[in-house]
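Engineer: would you be able to build a 3D model of this:
(one chain, ligands or ions: 1)
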Amino acid sequence: MRAIKVRAMEDGDRPWLDALLREHWGGEPTIVRGVEHRLLELPTLIAGDREGVAVYEPGAEYRVPELLLLHALRHGGGIGSALIDGLVDILRGAGHDRLLVTTTNDNLAALGFYQRRGFRLHAVRCGAVDEARLRKPTIPRVGFNGIELHDEIDLLLQF
Ligand SMILES: CC(C)(COP(=O)(O)OP(=O)(O)OC[C@H]1O[C@@H](n2cnc3c(N)ncnc32)[C@H](O)[C@@H]1OP(=O)(O)O)[C@@H](O)C(=O)NCCC(=O)NCCS
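Structural biologist: Reported below is the predicted structural model:
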């Protein structure tokens, strides 16, 4: 199996990420826990030949680092796993031992993916996506798997 390389984003990758955010995530900003994040301004890892991306808030002494976007352009090829492994290596090197991610109630694939990689359920915010939609109307009403999109679910990885 081909090893998937993970590298830090460079300036030349930014238009590609901007297009990906517009096509798949309703563009900027990303709203999590009611907080708006500008993903194009945050540290970002890219897998392979622009085959996947992870954007994160690096955290501070008392703040847990947060994975704000994980997206693989083809699924089941190890891209998501390579990005998580690369990010954990970076965070561990910076002295962190936890990583938080938020997904939504419709995203059954992501809930399975994260839990199979050691993430544990951490919090549920009922209606958080409905509130975010009032500020970001591009958030769809129906998400993955034909499920209505309403709630945020946090998962936490300890490493
Ligand atoms: C969730 C997501 C990031 C996972 O990325 P991915 O690249 O498909 O993940 P991986 O390939 O690393 O792992 C997925 C599965 O494929 C398997 N896999 C890994 N390498 C493989 C390979 N070479 N061939 C076949 N299967 C493989 C893994 O074992 C894994 O299965 P498991 O979860 O049952 O253990 C991806 O599906 C995605 O982008 N989804 C849409 C965006 C999204 O929902 N993001 C998360 C929002 S919070």
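Engineer: what does this protein put close to the ligand?
Structural biologist: 1, 70-72, 75-81, 101, 103, 107, 109-110, 112-113, 116 (C-beta under 6 Å from any ligand atom). Every residue, glycine included, has its C-beta placed from N, CA and C.
Engineer: show me what the residue positioned nearest the centre of the chain bridges to in the sheet.
Structural biologist: In the chain, the C-alpha nearest the mean C-alpha coordinate belongs to Leu69, at 2.3 Å (C-alpha atoms, centre = their mean). Here Leu69 sits in beta bridges with Val55, going by DSSP bridges.
Engineer: that one reaches His24, doesn't it?
Structural biologist: No: counting by C-beta atoms under 8 Å, Leu69 stays clear of His24, with 9.4 Å between them.
Engineer: okay, now the unreliable bits of this structure?
Structural biologist: Confidence mapping of the chain against pLDDT under 70 gives the ranges 1.
Engineer: in this protein, what residue is nearest the ligand?
Structural biologist: Here the chain gets closest to the ligand at one residue, Gly80, 2.3 Å apart by C-beta to the nearest ligand atom.
Engineer: and what about that residue, helix, strand or coil?
Structural biologist: Secondary structure, DSSP: H, G, I helix; E, B strand; the rest coil: Gly80 is helix.
Engineer: got a list of what it touches?
Structural biologist: Taking C-beta atoms under 8 Å, 6 or more residues apart in numbering, we find Gly80 in contact with 52, 70, 72, 113.
Engineer: neighbour-wise, give me the winner out of these.
Structural biologist: Gly52 (24 neighbours; other C-beta atoms under 10 Å).
Engineer: wait, that residue touches Leu73, no?
Structural biologist: Yes: at 6.0 Å, Gly52 counts as touching Leu73 under the criterion of C-beta under 8 Å.
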